[in-house]
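1. Structure of the sequence below:
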Amino acid sequence: MSPSQCPKELPIHFDTDNMPAGRTVINIEFSDAQRRERLHWLIVNDGNMDVCVKYFGFDSDIKFFSTIRAKAEVWRGIGSLHDEIAIGAIVLEENSKLRKEFPSRLLLSHFTPIKSMRRVEIPIG
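-> A predicted model of the protein is given here:
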């Protein structure tokens, strides 16, 4: 799959239910995307999410680095989040509590054979 074949409607699909009160900022960077599509920020404020392509000056609570392909393969259920992290295709940084929760918050395609990522263990270190 090439980057041009990957879904681009949202940088990642993320469950905002039961997020901590106040603002949570998720910085997303796709290393292989075109410059204008490389950086995104998901700003979750009391359960409401906005997607920004311009930096608004908020510190990130968690950073998600990936290739478009790795993100798309996890979203489609072709690859696993744990495996992509293990080989370094996906990197999560910053808040360790949010990193641990990340698999259960990452929403997958309705067509994926994987129904839940709630049991995926993410190494924290």
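2. and the helix or strand encompassing Lys100, what other elements does it pack with?
-> Using DSSP states H and E, the element containing Lys100 is helix 96-105. Packed against helix 96-105 by the contact rule (3 or more CB pairs under 8 Å, 6 or more residues apart in numbering; DSSP states H and E) you find strand 62-66, helix 81-86, strand 90-94. Where you see a C-beta, it was placed from the backbone N, CA and C, and this is true even at glycine.
3. 10 Å - rerun?
-> Taking 3 or more CB pairs under 10 Å, 6 or more residues apart in numbering; DSSP states H and E as contact, the helices and strands that helix 96-105 lies on are strand 23-30, strand 62-66, helix 81-86, strand 90-94.
4. what distance separates stretch 35-42 from the middle of the whole chain?
-> On the basis of CA atoms, centre = their mean, to the nearest Å, the separation between the geometric centre of stretch 35-42 and that of its chain is 12 Å.
5. Quick one: end-to-end length of that stretch, please.
-> By CA to CA, to the nearest Å, the extent of stretch 35-42 from end to end equals 18 Å.
6. what residues does it touch?
-> With CB atoms under 10 Å, 6 or more residues apart in numbering as the test, stretch 35-42 has contacts from 3, 8, 10-12, 14, 16, 24-33, 49-56, 58, 60, 62, 64, 68.
7. Determine how far stretch 12-27 lies from the middle of the whole chain.
-> For stretch 12-27, the distance from its own C-alpha centre to the chain's C-alpha centre is 11 Å (CA atoms, centre = their mean).
8. What of stretch 75-92?
-> 10 Å.
9. Output that stretch as PDB, nothing but the C-alphas.
-> Included here for stretch 75-92 are C-alpha records, laid out as PDB according to Å, rounded to 0.1, in the frame of the first residue of the first chain:
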ATOM      1  CA  TRP A  75      -6.400   0.900  11.400                       C
ATOM      2  CA  ARG A  76      -7.400  -1.700   8.800                       C
ATOM      3  CA  GLY A  77      -6.300  -4.600  11.000                       C
ATOM      4  CA  ILE A  78      -3.500  -5.700   8.600                       C
ATOM      5  CA  GLY A  79      -0.800  -5.000  11.200                       C
ATOM      6  CA  SER A  80      -0.900  -4.800  15.000                       C
ATOM      7  CA  LEU A  81      -0.100  -1.700  17.000                       C
ATOM      8  CA  HIS A  82       2.200  -3.700  19.300                       C
ATOM      9  CA  ASP A  83       4.200  -5.000  16.300                       C
ATOM     10  CA  GLU A  84       4.500  -1.600  14.700                       C
ATOM     11  CA  ILE A  85       5.800  -0.100  17.900                       C
ATOM     12  CA  ALA A  86       8.200  -3.000  18.400                       C
ATOM     13  CA  ILE A  87       9.800  -2.400  15.000                       C
ATOM     14  CA  GLY A  88       9.800   1.400  15.500                       C
ATOM     15  CA  ALA A  89       7.300   2.200  12.700                       C
ATOM     16  CA  ILE A  90       5.000   3.800  15.300                       C
ATOM     17  CA  VAL A  91       6.400   5.700  18.300                       C
ATOM     18  CA  LEU A  92       4.400   7.000  21.300                       C
END
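10. All set, thanks.
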